[in-house]
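In: predicted model and sequence below, questions to follow.
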Amino acid sequence: MAAFPWHAKSRNYTSEFELCRQEAVPVEFGEYHPLKPITVTESKTKKMGRKGSTSSTSSSSSSSMIDPLSSVLDGTDPLSLFAATADPVTTAATTDSTRKKRDKDDILAVGSDFEPWSSKRGEILARYTTTEKLSINLYMGSEKGKATTPGSAVSEKVRTRLEELDDLEEGSQKELLNLTQQDYMNRIEDLNQSLKDAWASDQKVKALKIVIQCSKLLSDTTVIQFYPSKFVLITDILDTFGKLVYERISSMCMDNRGSLPDNFTPESVNDTAKETCLNWFFKIASIRELVPRFYVEAAILKCNKFLSKTGISECLPRLTSMIRGVGDPLVAVYARAYLCRVGMEVAPHLKENLNKNFFDCLLTFKQMHGDTVQNQLVVQRVEIPLYLTLYSPAIDWILQCIAYRAPEILLTEMMERCKKLGNNALLLNSVMSAFRAEFIAARSMDFIGMIKECDESGFPKHLLFRSLGLNLAMADPPECDRLQILNEAWKVITKLKNPQDYINCAEVWVEYTCRHFTKREVNTVLADVIKHMTPDRAFEDAYPQLQSIIQKVVTYFHDFSVLFSVEKFLPFLDMFQKESVRVEVCKCIMEAFIKYQQEATKDPVILNALLHVCKTMHDSVNALTLEDEKRILASLINGFIKMVSFGRDFEQQLSFYVEARSMFCNLEPVLVQLIHSVNQLAMETRKLMKGSHSRKTAAFVRACVAFCFITIPSLTSIFARLNLYLNSGQVALANQCLSQADAFFKAAVSLVPEVPKMINIDGKMRPSEPFLLEFLCNFFSTLLIVPDHPEQGVLFLVRGLLNVIQDYTWEDNSDDKVRIYTNVLHLLSAMTQETYIYHIDKVDSNDTLYGGDSKFLTEINKLCETVIAQILDHLKTLGQEETLKRQSQLALYFFNSILAHGDLRNNKLNQLSVNLWNLAQKHGFADTKTTVKTLEYIKRQSKQPEMSHFTELALRLPLQSRT
């Protein structure tokens, strides 16, 4: 193939910049402004009365452009006009009735501020567990319970139902003994599924039998410590049953209008639905035992809405009275809790029933210490304090229902009732759990007095103080009482011998201390925690609570110089001796520092403490650490490094980075950050010296460059190394460290052959060539201004890089090599210019060093010829049918490069461009839109005086259609 000599276009960058600059358009400040509101005026049409006359239209719009959306603003849109024509009296009445209805709904409905039962369910199941063996009576069903065939007579169906009702409680049962807690829970879940299956297969009586058998389990207290969890599981089944019955009756009311509205009245319910509803209540009334009869009726309480408006309000007092017949106080209190729960769902406005349940509950408190209960506890070997905690979920729920949006006077009355009962600790604890935190906090000293008077033998006092502390964490007590409250509480807490009881209380009160007091009080509390938790390594069983304490301390102490001056803070961290927990605590501290530290710091107290914390995180990294975890740790350490600044003491700053490098060598992102930080430090030094380094600053900058040069090879990511070599070389060049810059660029060139074919990006393997192409283009733009070394040949770096590119093994189906060669051509063309497009201050580039020397230009042109030959060879290899499209794209790409950078007055280069144009269109793969625009550009350029030769070129470039 004939060689094509390269003749670069002579460029005047200053005039080109002027041409590219946008023209200044004079602005007339008239009435119109794009941000000014547009006024739209109605256009009126006048029609003349005479026959045959034409209509005349007059418009008074003053706007030059009418915005169709602006009518919304001036009230002329269709909806506004419709509203304006409405009767104002009717509108006012409608608005008033809507507001009243909304107010009424607010009273009737339970808002989002009411904590639902579902949020307590998981906590109860987790807290009340047992290792004792459990038993369960299961209804096995019988053939009678099966659904009759459609052909059965009605009388037969009725007779079968009656027999089933007779067999309601004497049905075949199977008692399962020696079940573990998990087996028991699985059996209950099976029963729940059986209930749904029976209902779906129209075996309603069987479903009722399952519910009755489950309800009977709630009268069994043989494994008493599991009772609260059993209550949760069984009431799930009851809830399912209640929902199924309600939906069944509701579906019977559907007609052409669709389903019933939420606020339907009994009058809108048809007779069939009412009869079915009554039938359910009659079935339930026939249940002999009190506990299942109560629970099943309570489960379908909502169905009373189908029968009468007052049905629910009449049933609730009756059901409340029924519970008085339950002898076991624990069974009774949970029955009341279930009734309150159902009541809050269906009729939250009936508060009187809630109060009545609570006052009845108070009357049963004496039974807890009666002989029957005491004998039962002796048999089951359960202590009184543990027994009393079983009541907490039920009483807490009842009180929560009562306290919801209750007036202050009612809450005060409840407190007085507690006092009359002799400050019953169980009740007092539930009051503090259920009532609003603001109410409790305002009367903190009263509650402390009541706690002191409570009997220690029953419900432990430390639990009462814990409940009080939880309230004080959410609401502030009177300022005058704060210190006294802390002293009174801590007197009790510090005397606790059991480490677990102690830490459960201390964890809560630490937040109160941090919230209202200084580092002195916090230090005292932390010292006390260390004192209690260190003996016998008690801290090993309390890591979650200790973690919570650290979390609370760093949440309230945003000034880390104050935090780390707390004498016992770091000794407190030493208690975290399990590595995984210690790392989590360190992450918590670092997250708080990054979040709350507003300004860079050089405080030695903070730096030493946080270096210790970061070192702990770094040292936890091993071969098994997940990449995500490494990324999180590196991000936190990088956040710390960015926040360290010694001001203008740059040497101290560099010493810090050197120390950090030695401490965090296993986390690659941290090393990358350190290299960037040191480069930034070198550039700040240059900025301070305004580009003219003294002997001292020049030595300092070379030290920074040396730091980067010896750190980069330790990185594993090849593209991180390539980019950092380039970045650091640019910094060295900017600081007039020419030999160091050459070393960086040589290292980058020698690293290119090591680039693998595929690289890991976010866990996925990707081809590396696009990333390499991007890097090399960036590299070329830097090489333009790098001066040649006096002891090396002309353009030694460019030649070395071209050799590496030539030897690199490229993908067979890739054209990146040619794209790179084309970019090299752009670089070489820029190097032939008399003055380069950009420079680095105080660094002489080759345009100054060679001064347009003919030998230098000859060397460049030789390189260009070699590059063009490589490009044309590659285009020739793409002549196969399957690669013609790639050939077309590359030919057009190379044509555009010649157009932009070549001197087309040269005949050979002109002919080459015409050949490339024809090759691009030869097989119909050229993008017609692109070729048309390219030709238009050439014709436009030909009108400029120095571009007249483009006129002839345009005539030689035909446009070919795809056909």
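Out: In hand now; what should we look at? Residues are numbered from 1 along each chain as shown.

In: my read: Leu362 touches Arg417, true?
Out: Yes. Assessed by Cβ atoms under 8 Å, Leu362 is found in contact with Arg417 at 6.4 Å. Heads up, the C-betas are built off the backbone N, CA and C, glycines and all.

In: packing partners for the longest helix seen in the chain?
Out: The helix that spans the most residues within the chain, counting by DSSP state H, is helix 227-252. Where contact means 3 or more Cβ pairs under 8 Å, 6 or more residues apart in numbering; DSSP states H and E, helix 227-252 is packed against helix 117-127, helix 181-200, helix 204-216, helix 271-285, helix 290-299, helix 329-346, helix 392-403.

In: quick one: residues in contact with the fourth one.
Out: When contacts are taken as Cβ atoms under 8 Å, 6 or more residues apart in numbering, the neighbours of helix 271-285 outside the stretch itself are 165, 208, 245, 248-250, 252-253, 266, 293, 296-297, 300, 303, 306-307.

In: repeat that for the first one.
Out: For helix 117-127, contacts defined as Cβ under 8 Å, 6+ apart pick out 228-229, 232-233, 341, 393, 397.

In: pLDDT on it, on average?
Out: In this model, helix 117-127 has a mean pLDDT of 85.

In: just the buried residues of that helix, please?
Out: Buried positions in helix 117-127, judged by neighbour count with 16 or more other Cβ atoms under 10 Å: 117, 121, 124-125.

In: wait, Leu773 sits on Arg819?
Out: Yes. Using Cβ under 8 Å, Leu773 is in contact with Arg819, at 6.3 Å.

In: these two: which is more packed in?
Out: A direct count of neighbours by other Cβ atoms under 10 Å for Leu773 and Arg819 places Arg819 higher, at 19 against 16.

In: for that one, what are its contacts?
Out: Going by Cβ under 8 Å, 6+ apart, Arg819 touches 773, 893.

In: for Phe439, same thing?
Out: Neighbour list for Phe439: 408, 411 [criterion: Cβ under 8 Å, 6+ apart].

In: element containing it?
Out: helix 437-442 (DSSP states H and E).

In: just the CA coordinates for that helix, please, in PDB.
Out: Extracted C-alpha coordinates of helix 437-442, given in PDB (Å, rounded to 0.1, in the frame of the first residue of the first chain):
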ATOM      1  CA  ALA A 437     -44.200  10.300  78.300                       C
ATOM      2  CA  GLU A 438     -45.000  14.000  78.800                       C
ATOM      3  CA  PHE A 439     -47.500  13.100  81.600                       C
ATOM      4  CA  ILE A 440     -45.000  10.900  83.400                       C
ATOM      5  CA  ALA A 441     -42.100  13.300  83.000                       C
ATOM      6  CA  ALA A 442     -44.000  16.200  84.500                       C
END
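
In: start at 558 instead
Out: Noted, 558 is the first residue going forward, which turns the last one into helix 994-999.

In: what is the rounded mean pLDDT of that helix?
Out: Mean pLDDT, computed over helix 994-999, is 86.

In: tell me the buried residues within the contacts of helix 828-842.
Out: Neighbour counting by 16+ other Cβ under 10 Å classes 765, 802, 805-807, 809-810, 823, 850, 853-854, 857, 860, 863-864 among the contacts of helix 828-842 as buried.

In: what's the local residue count around Ser1271?
Out: Residues within reach of Ser1271, counting by other Cβ under 10 Å, total 11.
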